[in-house]
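I need the structure of the sequence given here:
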Amino acid sequence: MRGNMQRNTDRSSTREGAVVQYSEREGTFGYVYAIGKLRAVFPSKDLEKEYQQLLTPDDARAATEEQRLYNVLSRPENVFLAREMAWIFEIQDVATYVLQPRSSVELQSMVEAIKPDDPTQLEYDVIIGTQEPISGVNVDLPAVIVNRLYHFTAKGFSESIPLPTGISQMPTGTAKDQATASFRALVLAIFQDMLQLADNTGDAEKHRALNYVSLNYPDIYALKWQPSGPGSSGLNDLLNFTGVEVRHSPLSNARTIMDVIFNYTSTTGVVSRYYTTVDVTGQFPFLVTRLQPYFER
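The predicted model follows:
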């Protein structure tokens, strides 16, 4: 199983000029902290036929097949069907894992995750769990036992990031609205850049550190935001996000700690670097040091 392997590769991905790069050695596998999209599929013909018999006239009038499937699986009397579904987790539109809930609590979260949202919004699911053998699942994918899963939209995520002080203290009006919209767009651009890493399947130490920080540390999204002068606020267009690196920290000893380093480059080519450290020893990563300037060691 991939969970018992160790990798020693350097990989990078470029999106709109921002390079996401992992360097140095890869960690061992076992835990998973991944960002992607969950879908439920029928692993056998008989299960699909059983689903069709459970459709009600109201279900049949639903606008999409996704809505019909959610309607059926979400009814308490149909929990048996939800248990038998093949729950596939896709990363960058590629089927990556087959999931199994640890308990009925996680199963309910998985059912809610496939509920259709606003079709104009990007949707994401996050899984936290462990790679373990799963019996009776006829899907040729690595298996993950899910201990936590949650769902969000791109809009909801950007709106959950606190506004920088320079914006929040602006008087209500058009200027503040424009500054807020610019910041929300910046949050999504950086977040999506960090998801573009090739083969970020959330099972390497570096993957887990980056995914954790991107979702749980809002300070990283305010780095580019600098007041342009007294009493004003705006994006500093002379400073552009150009990438993020993840390395094993010199602090690693008995525990596994990663440096997540953010790079910004000015129009004159001067690079500014900031970093935070994340402990990924266990299944649930956590922050060790807050964001601060980074100097090459």
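
low pLDDT regions in this protein?
1-29, 134-139, 197-198, 225-239, 297 (pLDDT under 70).

tell me where it has helices.
Residue ranges of the helices in the chain, as given by DSSP state H, are 45-54, 57-60, 65-74, 79-84, 104-113, 154-160, 165-168, 174-195, 205-216.

those: which one's closest to residue 266?
helix 174-195 (16.5 Å; Cβ to Cβ). For every residue, glycine as well, the C-beta is placed using N, CA and C.

just the angle between the closest one and helix 205-216, please?
160 degrees (axes from the mean of the first three to the mean of the last three Cα atoms, to 10 degrees).

helix 174-195: which residues count as buried?
Buried residues in helix 174-195, defined by neighbour count with 16 or more other Cβ atoms under 10 Å: 176, 179-180, 183-184, 186-191, 193-195.

between those, which is nearest residue 280?
Nearest to residue 280, judged by Cβ to Cβ, of those is residue 194 at 15.9 Å.

the closest residue in space to the closest one that isn't next to it in sequence: how many residues sit nearby?
Nearest non-adjacent residue to residue 194, counting by Cβ to Cβ, 6 or more residues apart in numbering: residue 214, 4.9 Å away. Other residues within reach of residue 214, judged by other Cβ atoms under 10 Å, total 20.

just checking, residue 214 touches residue 220?
Yes. Using Cβ atoms under 8 Å, residue 214 is in contact with residue 220, at 7.4 Å.

for residue 274, grab the count of nearby residues.
If we define neighbours as other Cβ under 10 Å, then residue 274 has 17 of them.

against residue 163, how distant is it?
19 Å (Cβ to Cβ, to the nearest Å).

ok, now residue 32?
Distance, residue 32 to residue 163, by Cβ to Cβ: 32 Å.

ok, these two, which is more surrounded?
residue 32 (28 against 19).

now residue 202. Nearest residue, chain neighbours left out?
Nearest to residue 202 is residue 34, by Cβ to Cβ, 6+ apart, at 2.7 Å.

quickly list what that neighbour is bridged to.
residue 127 (DSSP bridges).

same question, residue 273
Per DSSP bridges, the residues bridged to residue 273 are residue 263.

isn't it up against residue 261?
Yes. Residue 273 is within contact range of residue 261, at 5.8 Å (criterion: Cβ under 8 Å).

out of the helices of the chain, deepest packed?
helix 205-216 (a mean of 24; mean count of other Cβ atoms under 10 Å).

centre of the chain to that helix, how far?
8 Å (Cα atoms, centre = their mean, to the nearest Å).

so which elements touch it?
strand 31-41, helix 174-195, strand 239-248, strand 257-266, strand 271-279, strand 286-293 (3 or more Cβ pairs under 8 Å, 6 or more residues apart in numbering; DSSP states H and E).

residue contacts, the residue nearest to residue 202?
Listed by Cβ atoms under 8 Å, 6 or more residues apart in numbering, the contact set of residue 34 reads 89, 91, 96-97, 126-127, 200-203, 207, 211.

and the residues you listed, which is closest to residue 246?
Of all the contacts of residue 34, residue 246 sits closest to residue 207, with 8.2 Å by Cβ to Cβ.
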